[in-house]
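# Next come a sequence and a model predicted from it.
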Amino acid sequence: MKLAHQTAIITGSSSGIGRAIAVAFGREGANVVVNYNSSRAKAMEVVQQIKAEGGDAIAVKANVGKEADVLKMFQKAVEAFGQVDILVANSGIQDDAPFLKMTIDQWNNVITTNLTGQFLCAREAAKHFVAQAEGTTTPRAIGKIICMSSVHDMIPWAGHINYAASKGGVLMFMKSIAQELAPLRIRVNAISPGAIQTPINKSVWSSEENRQALMKLIPYRRIGQPEDVAKAAVWLASDDSDYVTGETLYVDGGMMLYPEFSDNG
């Protein structure tokens, strides 16, 4: 029970990677705030699964790109569980188009959710951590922030420039606030998944032909599962990683090893 007596907000946790993290945190003893933007039914499924396994959770609707929604989400978390100890800023979307055809709306939609949403949630989390810790002393972190990024924080991605730009922004955003918040004993890290079997990228793993093409990019020769990322998130949120801040953990089966060069180029 590595997260016992702690409360975690996990944005975009009604499905995919966020759902796996929410369930894993519940198993480790955390009170979980399951955030969703559109599907309350799916969010309640996650809540029910956590409760069925002995944990506690609530579902909260919020668009992370809207400041008022983010403030209300934290307020509801505190009302339900007393405080907030962990934020996993997981919400992310794709809205793809070739660069020459990408609209300003497509650009803004992705940047608002994937980057501005992380800013709004992390800022509010840090404010809560500091207020909660006033007058207390502890050698451990007073709060933990995990930013969900992607291998495309480093790997260019033609045809997805809004997504790649947002994740590149997350990389430097994470490092900059980690530097600023470390003296306050707030740890900030990121997870950058590679190819993970989730609904957002179903087209690349749903057929055998596409799967085989994908394997050329993954030296470990398997597509990742949401649980692979969830295990990493548990570690980063726990005291086991207490001396780790400002780091990105790539959970990618070796995709960042540039497998195209594995035969000497």
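Looks like it arrived, so ask away.

# what's the longest strand in this structure?
strand 186-193 (DSSP state E).

# Show me what it is packed against.
For strand 186-193, the contact count by 3 or more C-beta pairs under 8 Å, 6 or more residues apart in numbering; DSSP states H and E identifies helix 117-133, strand 143-148, helix 161-181, helix 226-237, strand 248-251 as packing neighbours. (Glycine included, C-beta is placed from N, CA and C.)

# Just say which of the ones you listed is most tucked in.
When you average the neighbours per residue for each of the helices and strands packed on strand 186-193 (mean count of other C-beta atoms under 10 Å), strand 143-148 leads with a mean of 26.

# Put the alpha carbons of it into PDB.
C-alpha atoms of strand 143-148 as PDB (Å, rounded to 0.1, in the frame of the first residue of the first chain):
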ATOM      1  CA  GLY A 143       3.300  16.700  -2.900                       C
ATOM      2  CA  LYS A 144       4.000  14.900  -6.200                       C
ATOM      3  CA  ILE A 145       3.200  15.900  -9.800                       C
ATOM      4  CA  ILE A 146       3.500  13.600 -12.700                       C
ATOM      5  CA  CYS A 147       3.100  15.000 -16.200                       C
ATOM      6  CA  MET A 148       2.100  12.600 -18.900                       C
END
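
# Spit out the contact partners of the closest residue to Leu214 other than its chain neighbours.
Sequence neighbours aside, Val204 is the residue nearest to Leu214 in space, at 5.4 Å (criterion: C-beta to C-beta, 6 or more residues apart in numbering). Counting by C-beta atoms under 8 Å, 6 or more residues apart in numbering, Val204 touches 195, 210-211, 213-214.

# Could you report the pLDDT at Gly265?
What the model reports as pLDDT for Gly265 is 64.

# Not counting the helix or strand harbouring Val23 itself, show me its contacts.
For Val23, the element it lies in under DSSP states H and E is helix 16-27. Residues outside helix 16-27 that contact it (C-beta under 8 Å, 6+ apart): 3, 8, 10-13, 32, 34-35, 42, 46, 49-50, 53-57, 86, 88, 90-91, 148, 193, 196, 198-200, 225-227, 229-231, 233-234, 237.
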